[in-house]
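In: I'll drop the sequence and a predicted model, then ask my questions.
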Amino acid sequence: MKTKKDIYFIIAFGIIGAAIVFVAVFKFVITREPELPFAVNGLTEIALSDMDGNGLKLRQLIAGSPETYCLIFNLKDCHGCIYDGVEVLNKLKAEGKVCLGLAVHDNLDDLNGWSINFDFRPFFMMKTLEFFDHIKSPITPVLIKIKDDKVENYRFFTAH
């Protein structure tokens with residue numbers, strides 16, 4: 001006959017064994033697709049506004065360009081991070097690349113006043129809803145390289 005102590009050991013080892021099986025199944029057997037840190041759906045359909053308030057689609061800005069670089073940022077992002085991204089855009093622009101600044105914001109007057117702090121043009125405004133409808137990004141600012149109407153590469157700018 002088993003003592004109470006033996007029964008507790010059997011139960012404890014049973015629980016430990018079940019936990020090991022549970023962890024092994026979820027770690028090695030059940031797999032899920034990894035989440036992409038950055039994705040864009042309907043890239044060319046993204047609606048923008050120029051600094052005068054005229055509406056246009058991103059497709060109009062990238063048409064005919066073999067590659068386009070876009071810095072997507074929010075006016076409330078780290079200013080140093082935005083500055084670093086704009087500096088990269090200026091260097092790429094000096095190399096003859098097509099470069100755009102896309103501010104995720106809902107007030108064009110704010111963007112116009114804010115943009116005078118930077119020696120870069122052109123800036124465009126993307127409404128916040130438009131951003132959430134088309135772009136999945138854990139953080140901004142993010143610099144994207146567009147080639148053949150697809151995002152070929154991206155780079156996040158974060159505080160140092």
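Out: Okay, I see it. In this text the structure is predicted, and so the values were computed from the model without any measurement.

In: Give me the average confidence score over the longest helix along the chain.
Out: Across the chain, the longest stretch assigned as helix under DSSP state H is helix 4-24. In this model, helix 4-24 has a mean pLDDT of 85.

In: could you pull out the helices for the protein?
Out: Using DSSP H, helices in the chain cover 4-24, 58-62, 79-94, 108-115, 128-134.

In: Quick one: distance of the last one to the chain centre.
Out: From the chain centre to the centre of helix 128-134 is a distance of 12 Å (Cα atoms, centre = their mean, to the nearest Å).

In: cool, the shortest one as well?
Out: The chain centroid and the centroid of helix 58-62 are separated by 19 Å under Cα atoms, centre = their mean.

In: Could you report the distance from Asp106 to Thr128?
Out: Distance of Asp106 to Thr128, given as Cβ to Cβ, to the nearest Å: 6 Å. Heads up, the C-betas are built off the backbone N, CA and C, glycines and all.

In: From Glu67, how far off is the residue most central in space within the chain?
Out: Central residue of the chain (Cα atoms, centre = their mean): Ser137, 2.4 Å from the mean position. Going from Ser137 to Glu67 by Cβ to Cβ gives 20 Å.

In: if we can go back for a sec, buried ones in the longest helix of the chain?
Out: Neighbour counts over helix 4-24 (16 or more other Cβ atoms under 10 Å) mark no residue as buried.

In: cool, and stretch 87-94?
Out: Of the residues in stretch 87-94, those with enough neighbours to count as buried (16+ other Cβ under 10 Å) are 88-89, 92.

In: Kindly reformat the residues you listed as TSV containing distance to Asp77.
Out: Output for the buried residues of stretch 87-94, formatted as TSV (distance: Cβ to Cβ, whole Å):
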residue	distance to Asp77
Val88	15
Leu89	15
Leu92	19
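
In: from those residues, which is closest to Phe156?
Out: Nearest to Phe156 among the buried residues of stretch 87-94 is Val88, at 11.9 Å by Cβ to Cβ.
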